[in-house]
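Colleague: model this:
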Amino acid sequence: MIDDVNIREARQEDLPALTRIYNQAIEDGTTADTVATTVAERQRWFDAHRDPHYPLYVAEMGDEVVAYATLSKYREGRPAVRTTVEISYYVAREHRRRGLGTALLRHAESSARSLGFRHGYALLLDTNAGSVRLLEKLGWARWGHFPGIATVHGETCGHLVYGRSLAAEPTTA
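Modeller: This is a model prediction of the structure:
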């Protein structure tokens, strides 16, 4: 399984691997981006996660970055929702279904909790069955659905919103 995985904060030298993993998600149609990106284009995104309240974590096996997770702002500038955070995660195609998503999501939840966030949410395409299974397995609930608002690889799909309280440690698988 994933006994040899190390989760740590991302470093600048991880950006090419992070870009490769994200581009795989674009190719696979599991994200709402539809055009591959470059390392230079992803730099601004990377820099936004240097904020200690909105970190970027990588999962590495040996010396290879194989997955990552981020904490991101929700409705910036709106203080009433400042204790809510978006949690995103991506796993390299060749490392999926090995428990990395579970490990990263649990790590991101724990980190968010320690940073004072009370609620986490995730946005995903309604065609992303793997993420739906993972989120539900870890106790996340479906909070909303925006049907038919996205077109990915010529197919219409919707956006799901999953969320959970971060008030207590998760107790499910």
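
Colleague: which element is the one residue sitting closest to the centre of the chain on?
Modeller: Note on the chain: the residue nearest the mean C-alpha position is S88, at 1.6 Å, using CA atoms, centre = their mean. If you go by DSSP states H and E, S88 is part of strand 84-91.

Colleague: could you point out which element follows that strand?
Modeller: With DSSP H and E, the next secondary element past strand 84-91 is helix 100-114.

Colleague: just checking, the residue nearest to the centre of the chain touches S72?
Modeller: Yes - with contact defined as CB atoms under 8 Å, S88 counts as touching S72 (6.6 Å). Every C-beta, even on glycine, is put in place using the N, C-alpha and C of the backbone.

Colleague: low-confidence ranges in the chain?
Modeller: 1-2, 169-173 (pLDDT under 70).

Colleague: quick one: the strands in it?
Modeller: Under the criterion DSSP state E, strands of the chain are mapped to 5-9, 56-61, 64-73, 84-91, 119-125, 141-152, 155-165.

Colleague: will you turn those strands into CSV that also has distance to R113?
Modeller: CSV is the format used below for these (distance: least, CB to CB, whole Å):
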stretch, distance to R113
strand 5-9, 15
strand 56-61, 14
strand 64-73, 11
strand 84-91, 10
strand 119-125, 9
strand 141-152, 17
strand 155-165, 10
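
Colleague: A103 and D3 touch, don't they?
Modeller: No - between A103 and D3 there is no contact under CB under 8 Å: 10.6 Å.

Colleague: in terms of neighbours, single out the busier of those two.
Modeller: Under the criterion of other CB atoms under 10 Å, the comparison of A103 against D3 puts A103 first, with 19 against 6.

Colleague: doesn't A59 make contact with N6?
Modeller: Yes - between N6 and A59 there is a contact at 7.2 Å, judged by CB under 8 Å.

Colleague: more neighbours, the two?
Modeller: Each of N6 and A59 has its neighbours counted (other CB under 10 Å); A59 has more, 25 against 11.

Colleague: picking that back up, to A48, which of the strands of the chain lies closest?
Modeller: Closest to A48 of these is strand 64-73 (CB to CB; 7.8 Å).

Colleague: relative to strand 56-61, how tilted is the closest one?
Modeller: Relative orientation of strand 64-73 versus strand 56-61 (axes from the mean of the first three to the mean of the last three CA atoms, to 10 degrees): 160 degrees.

Colleague: quick one: list the elements packing against strand 64-73.
Modeller: Where contact means 3 or more CB pairs under 8 Å, 6 or more residues apart in numbering; DSSP states H and E, strand 64-73 is packed against helix 15-28, strand 56-61, strand 84-91, helix 100-114.

Colleague: separation between L124 and R42?
Modeller: Relative to R42, L124 is positioned 20 Å away (CB to CB, to the nearest Å).
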